[in-house]
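A.B. asks: would you be able to build a 3D model of this:
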Amino acid sequence: MHSFVGRARQTVLRQGSAVTGTVIATRRAQVLLCVNNVAKSTFFHTHFPQRTSATSEESLDIPPGVTPTFHNAYNSLNDALNWSKTTPASLRLLSYNIKTSADAQLFQTALKRWRKARQPQNRTDNALFLDILFKIGAYETILEMLCDRPGYRVLPDFQHISELMAGFRNVAVKGEGSEEEVIAVLDNVYKTFALFLYYSIPPTAEIYSAVITSGVYCGLPEGWRRSEVTAKEQISLGLPFEKEAVYALAHGYILSGDFDGALTILKHLGGADTIGLFFQFHSLASKGDIQGAIQVLEKLAAADQVNVANVVGSAHWKSLNEVVEALLPQLSEVEKKTVLALAENANVKLSSA
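C.D. replies: Reported below is the predicted structural model:
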């Protein structure tokens, strides 16, 4: 166990200067998770279903959530392994029966025993297993398997880990559940980030964007703190920001009252950007720069139309009307008429259809 943990730690540390603030948390998370997986390697003592003395199907103790079809196939595979009567396709056939997250957890146990029995397993099998698990949203099971490379030997590629990151990100941005539950999902985002390092795959701007948006939109101060650190790391690495990351950071700075911070991060968008103009207007209006806000609103009214609903986290943004309503009390009658006319055209540019 100690040698495996050492290898896990070395895998992260070998990345050198390319790993800074973001993976301070992921280093510890990765090693702890790997230790936990190794500690559970005496498999089947917790997951192996117990048979009663009866022989009928009804007498089998089916774990909660496990489908009867999968349970039967699982027991058949166990019997085949016990009597050395498996074929190279046996585990593959079992995977076709995975329908629930509980099935996925039991399959995880079967895969570890399959590996222990030195049965064949190739990249085609691994891709099939991951595809099936992704279809049912068994993200935590996938994460556990990928964090224990010797135990499961699934060997993902960039696309697999990216899909896992997107799965956890989509849960995190909803910000639903207790604080403890939201932090647990956010931790899984960072553990998934660690997988890129674990499998020697360089993280991209797209991956950093998923991490940043997860923290901003989860709705917790801890999430925002992590996203700020991650953004600073990305800048230090010279990786350009994805637009969704810039929008998320601008939103976060505005919520925290740092309107200049929002305006600074928006500069990373480069040229004209409709949503970027909205956040500029929001920032300037919030800091009381009325003339600056009106000038940006004029640009927004003439900008290209975009579908805001397609942007990750947009459900958390204030609407243009809300920003305008907060600004109106600060305006003269002439300015009010100007802003309301411009806002009517600008709203068309920010479609939510």
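
A.B. asks: ok, residue 322 - how many residues close by?
C.D. replies: Number of residues near residue 322 (other C-beta atoms under 10 Å) recorded here: 11. All C-beta atoms are positioned from the backbone trio N, CA, C, and that covers glycine.

A.B. asks: and the helix or strand it falls within, which residues are buried?
C.D. replies: Per DSSP states H and E: residue 322 is located in helix 320-327. Burial within helix 320-327, assessed by neighbour count using 16 or more other C-beta atoms under 10 Å, is assigned to 320, 323-324, 327.

A.B. asks: now do stretch 259-272
C.D. replies: 259, 261-263, 265-266, 268-269.

A.B. asks: which parts of the stretch 251-353 of the chain are strands?
C.D. replies: 306-307, 350-351 (DSSP state E, counting those that start in this stretch).

A.B. asks: contacting residues around residue 222?
C.D. replies: 183, 186, 215 (C-beta atoms under 8 Å, 6 or more residues apart in numbering).

A.B. asks: report the mean confidence score over the longest helix anywhere in the chain.
C.D. replies: Identified as the longest helix of the chain according to DSSP state H is helix 179-198. On average, the pLDDT along helix 179-198 is 97.

A.B. asks: chain center to it, what's the gap?
C.D. replies: 8 Å (C-alpha atoms, centre = their mean, to the nearest Å).

A.B. asks: turn the buried residues of stretch 259-272 into CSV, including distance to residue 237.
C.D. replies: Formatted as CSV, the buried residues of stretch 259-272 follow (distance: C-beta to C-beta, whole Å):
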residue, distance to residue 237
259, 26
261, 20
262, 22
263, 23
265, 16
266, 20
268, 14
269, 19
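
A.B. asks: sorry, back to before: most tightly surrounded among the strands of the stretch 251-353 of the chain?
C.D. replies: Counting by mean count of other C-beta atoms under 10 Å, strand 350-351 has the highest mean neighbour count of those, with a mean of 17.

A.B. asks: look up the closest residue to residue 85, ignoring the ones flanking it.
C.D. replies: In space, residue 85 comes closest to residue 79 once its chain neighbours are excluded; the distance is 7.7 Å by C-beta to C-beta, 6 or more residues apart in numbering.

A.B. asks: what's the average pLDDT for the helix or strand in which that neighbour is found?
C.D. replies: Per DSSP H and E, residue 79 falls inside helix 68-82. Mean per-residue pLDDT for helix 68-82: 94.

A.B. asks: contacts for it?
C.D. replies: In contact with helix 68-82 (C-beta under 8 Å, 6+ apart) are residues 48-49, 51, 57, 60, 62-63, 66, 85-86, 90-91, 93-94, 97-100, 103, 106-107, 110, 113-114, 117, 119.

A.B. asks: please check these and keep the buried ones.
C.D. replies: Among the contacts of helix 68-82, those classed as buried by 16+ other C-beta under 10 Å are 48-49, 60, 62, 66, 86, 90-91, 94, 97-99, 103, 106-107, 110, 113-114, 119.

A.B. asks: tell me what the longest helix of the chain is packed against?
C.D. replies: Packing contacts for helix 179-198, counted by 3 or more C-beta pairs under 8 Å, 6 or more residues apart in numbering; DSSP states H and E, involve helix 2-13, helix 22-39, helix 139-146, helix 158-172, helix 205-217, helix 221-237.

A.B. asks: coming back round to it: do you know how far the residue nearest to residue 85 is from residue 261?
C.D. replies: 62 Å (C-beta to C-beta, to the nearest Å).

A.B. asks: same check, this time on residue 192
C.D. replies: Distance from residue 192 to residue 261, by C-beta to C-beta: 27 Å.

A.B. asks: likewise for residue 131?
C.D. replies: 41 Å.

A.B. asks: could you look up the SS state of the closest residue in space to residue 219 that isn't next to it in sequence?
C.D. replies: Leaving aside its sequence neighbours, residue 219 sits nearest to residue 175 (C-beta to C-beta, 6+ apart; 3.6 Å). Three-state call for residue 175 (DSSP: H, G, I helix; E, B strand; the rest coil): coil.

A.B. asks: residue 175 contacts residue 218, doesn't it?
C.D. replies: Yes - at 5.0 Å, residue 175 and residue 218 qualify as touching, with contact defined as C-beta atoms under 8 Å.
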